[in-house]
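[1] Whatever this is, show me its structure:
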Amino acid sequence: MMGDPKADPNKRDSGVVEEIVGYATSKPPRSFFLFAGAGSGKTRTLVSALRELTGVKPGNSLGQAPPEADVPAVRFARNLRARGQTIRVITYTKNAALVVTGRLGNNDLAQVATIHSFCWDLVAGFDDDIREALLGLNAIALDKARASAAGRKNGATDKDKLTIFELEARSAGFSSAQQFTYSPDRKRYGEGALSHSQVLAVASWLLRNKPTLRRILRDQHPLILIDESQDTMKSILDSLLEVVAEEPSKLMLGLVGDHRQRIYLEGHADLPSSIPPTWATPTLEMNHRSQKRIVDLINEIWDSKLEGRTQFTKAPPQHPRKENSGGMVRVFIGSTLTSPEDKLRRERLCESEMQAVTGADAWMTGSPGYKVLALEHALVARRGDFLEAFEALSLLDPESVRPDANSEAAGPAAVQILLREMADLADCVDDEGGLSDFAVTEVLQRYGRLQALPEDGDVRSQRLKSYQLAVVGFATACANPRATVREVLAPILHGGLFEPDQRLVAAFNDVNLPPPAPKPRQSEAVESRLARGWYRLFASPWIQLRRFKTYLSGNSHFATHQVVKGSEFEHVMVVMDDEDAAGFLFAYDRLFGAPLGESDVRNVKDGNETSIDRTLRLLYVTCSRAKESLALVLWARDAAQALEYAEKSRWFKPGEVLVIPD
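    Next comes the predicted model:
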């Protein structure tokens, strides 16, 4: 039973854990979809339910079910152990898995992993089956490509031919691979190495086509809990739903999610409507994170009856904690025709305005006390002052420089000496170029450079002298705030201080000018793109590369809208600029009165998802990250129209809609 909000508003959701335990221990078990909004304490709820079902509670960390009463939860835990079974908990990110594991403690009856790791655990070692799945999936893609090419009036295009050639080559590669491998950190390459998406697709295909695999899954894990289920790849989620439907008494599925927070397009567009009517649908209605003003805003955002909305809109409103009765919201609106430099200057004035109205020093410009969220990585790079380095690295490997909620981007493999060894060594240098000998020695030991010194005394002495000169030259270059990557790298390569990737060495020694950038929409040879990337990287300021590393690590003052789901911050600034983002999936202008685009009109007519649907979810996610205060900064194509629309909107109260300061 849910808690009584009249007795204690903060305990509105107090009965949800008991509900979940009841679903798992009933005969037969009952699958469920737990609707858990932003800040609702879903992780705490999951962990509490797992502790009840496994008998592992604080003070009892051995994984042994307590012997006291023969209650259903105790019997459930005993049966798990007797049958050698475990509960599977599937999270969307590695960090989320670590959070659940950390709170759960030592528990041998619960296995926590990301969706990718879960799928790989399920299929690893079944190489012949993996090959069959890959060939089957590739055959489907190949048939579609051939049909598309055959249907063109003027015959197949060069792009069609290239796609067909690549798919045919891929089939040959799958057939020749003897063993298949997978690395969550993308550290395995070559024949037989599977990507994240391939692992999910293979697991889905095999679950649908191999009864033995379905039986193995049910025998090992009678209960599977999936967090962030709205973003779980549709094909694998549908496969699991089918496995449950086949024998619901032997496998129970617990989905946890919030369709309002779906970020990735591969997830279910309308998850609530896919839930079977026999399933239970408990709800977490509290928002323990945000102040009332922010909770009221996100409720209004989701309830909006905007032109262009086509997707599922029903959702229970959230309720703040009783003591969270305050909060501050402001929306600043200006013209996107403003220059990039002036936008940055005026956004800092918005920060000053927020500091004035909140009285919080955390809003001081450059303070780590608030988070700036921008729509696209290049916008973050511009605001974080590492755009040159970011654009150069994007040319070398675009996928490795765009962190998202599902992976840990580490930058191009060929430049790791810059982002690891040299970045760590730079931490040993002060602003005047002074060095900490102890810290330098620790870095050299960390990367095995001192352990690899030759045994011959004279050679060893000469090598150490080269190392010393390299470190001094590196420190001198670092002390120059305008030093380029080439200038900082030169003493490292000359002194052989670290082991660089040979691709980096070859590019460093290449004195030829790179080819010019292609015209818009014009194709470019890979070699030309890489040459431009290396040239621009070596000319980039070294300080920008260090800022870029901070951004990759998640410790930056800035982040994109998409990567912060699950995070929370005291104060948040959301920067919305469709013009600078140059994308087509999201359109913040259209949330503030701008007319729908042609594709949106077609999608509304066909009942498909629109940019309004996608953008509204993204706005809901970003606004719900804030605990105390929230600033929305919109650079609109028609600022006057957007201002008028915002002032009439139910989203904002009088005095909350402002012109961006000049």
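[2] Any buried residues in the strand or helix carrying residue 440, and which?
    For residue 440, the element it lies in under DSSP states H and E is helix 437-446. Buried residues in helix 437-446, counting neighbours by 16 or more other Cβ atoms under 10 Å, are found at 440, 443-444. Yep, even glycine has a C-beta here, placed from its N, CA and C like the rest.
[3] got it, and stretch 97-111?
    Here stretch 97-111 shows 97, 99-101, 104, 107, 109-111 as buried, counting by 16+ other Cβ under 10 Å.
[4] Which strands or helices does the helix or strand bottoming out on mean pLDDT in the chain pack on?
    Using mean pLDDT, DSSP states H and E, the weakest-scoring helix or strand in the chain turns out to be helix 578-581, at a mean of 78. Packing partners of helix 578-581 (3 or more Cβ pairs under 8 Å, 6 or more residues apart in numbering; DSSP states H and E): helix 377-383, strand 626-636.
[5] Could you tell me the average pLDDT over the last one, please?
    With pLDDT averaged residue by residue, strand 626-636 scores 97.
[6] Go ahead and name everything in contact with the helix or strand just after it.
    Using DSSP H and E, the helix or strand that follows strand 626-636 towards the C-terminus is helix 639-648. Around helix 639-648, the neighbours that count as contacts under Cβ atoms under 8 Å, 6 or more residues apart in numbering are 331, 333-336, 589, 592-594, 634, 636, 652, 657, 659.
[7] Can you flag the buried ones in these?
    Members of the contacts of helix 639-648 classed as buried by 16+ other Cβ under 10 Å are 331, 333-336, 589, 592-594, 634, 636, 652, 657.
[8] Could you tell me which of those residues belong to strands?
    Residues of the buried ones among the contacts of helix 639-648 located in strands (DSSP state E): 331, 333-335, 634, 636, 657.
[9] Return the closest of those with respect to residue 473.
    Here the nearest of these to residue 473, counting by Cβ to Cβ, is residue 334; it sits at 46.2 Å.
[10] For the stretch 451-600 of the chain, just list every one of the helices.
    457-478, 485-495, 502-509, 526-539, 542-552, 578-581, 598-606 (DSSP state H, counting those that start in this stretch).
[11] Turn the ones you listed into CSV, columns for mean neighbour count and distance to residue 412.
    Output for the helices of the stretch 451-600 of the chain, formatted as CSV (neighbours: other Cβ atoms under 10 Å; distance: least, Cβ to Cβ, whole Å):
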stretch, mean neighbour count, distance to residue 412
helix 457-478, 16, 21
helix 485-495, 20, 13
helix 502-509, 14, 9
helix 526-539, 18, 8
helix 542-552, 22, 11
helix 578-581, 19, 23
helix 598-606, 13, 34
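[12] If I average pLDDT within each of those helices, which one is lowest?
    helix 578-581 (a mean of 78).
[13] ok so, going back, residue 76: which of the helices and strands packed on helix 578-581 is closest?
    Among the helices and strands packed on helix 578-581, strand 626-636 sits nearest to residue 76 (Cβ to Cβ), with 36.6 Å.
[14] For the closest one, which strands pair with it and how are they oriented?
    Its sheet considered, strand 626-636 pairs with strand 328-335 (parallel), strand 569-576 (parallel) by DSSP bridges.
[15] Compile the helices of the stretch 451-600 of the chain into JSON lines and extend it with columns for distance to residue 323.
    Listed next are these as JSON lines, based on distance: least, Cβ to Cβ, whole Å:
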{"stretch": "helix 457-478", "distance to residue 323": "48"}
{"stretch": "helix 485-495", "distance to residue 323": "50"}
{"stretch": "helix 502-509", "distance to residue 323": "55"}
{"stretch": "helix 526-539", "distance to residue 323": "51"}
{"stretch": "helix 542-552", "distance to residue 323": "35"}
{"stretch": "helix 578-581", "distance to residue 323": "38"}
{"stretch": "helix 598-606", "distance to residue 323": "42"}
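[16] Compare the ones you listed and give me the one nearest residue 370.
    Evaluated over the helices of the stretch 451-600 of the chain, closeness to residue 370 peaks at helix 542-552, with 16.1 Å, by Cβ to Cβ.
[17] and the closest one with helix 526-539, angle?
    Helix 542-552 runs at 110 degrees relative to helix 526-539, counting by axes from the mean of the first three to the mean of the last three Cα atoms, to 10 degrees.
[18] Packing partners of helix 542-552?
    Helix 542-552 sits against helix 377-383, helix 387-396, helix 416-419, helix 421-426, helix 485-495, with contacts defined as 3+ Cβ pairs under 8 Å, 6+ apart.
[19] Mind doing that once more with 6 Å?
    helix 387-396, helix 485-495 (3 or more Cβ pairs under 6 Å, 6 or more residues apart in numbering; DSSP states H and E).
[20] what does the shortest one rub up against?
    To tie it back to what came earlier, the one meant is helix 387-396. With contact meaning Cβ atoms under 6 Å, 6 or more residues apart in numbering, helix 387-396 is reached by 381, 401, 412, 529, 532-533, 536-537, 540, 544-545, 548.
[21] Next one: the closest residue to residue 481 other than its chain neighbours from residue 367, what distance?
    Leaving aside its sequence neighbours, residue 481 sits nearest to residue 543 (Cβ to Cβ, 6 or more residues apart in numbering; 6.3 Å). The gap separating residue 543 from residue 367 is 19 Å, by Cβ to Cβ, to the nearest Å.
[22] now residue 341
    21 Å.
[23] Spell out the residue ranges of the helices in the stretch 101-250 of the chain.
    Counting by DSSP H, counting those that start in this stretch, one finds helices in the stretch 101-250 of the chain at the ranges 115-123, 127-150, 158-176, 196-209, 211-220, 234-246.
[24] From what I see, residue 202 and residue 131 are in contact.
    No - between residue 202 and residue 131 there is no contact under Cβ atoms under 6 Å: 9.5 Å.
[25] These two: which is more packed in?
    residue 202 (27 against 19; other Cβ atoms under 10 Å).
[26] For the more buried one, list the residues it contacts.
    Contact partners of residue 202, counting by Cβ under 6 Å, 6+ apart, are 123, 130, 133.
[27] ok, and the closest non-adjacent residue to it?
    Ranked by Cβ to Cβ, 6+ apart and with sequence neighbours excluded, the top spatial neighbour of residue 202 is residue 133, at 4.5 Å.
[28] With residue 347 instead?
    Closest residue to residue 347 apart from its sequence neighbours, by Cβ to Cβ, 6+ apart: residue 633 at 5.9 Å.
[29] residues contacting the one you found?
    Applying Cβ under 6 Å, 6+ apart to residue 633 gives the contacts 332, 347, 350, 575.
[30] Likewise for residue 265?
    No contacts exist for residue 265 under Cβ under 6 Å, 6+ apart.
[31] again, but for the one 4 residues further on
    For residue 269, the residues meeting the contact criterion (Cβ under 6 Å, 6+ apart) are residue 609.
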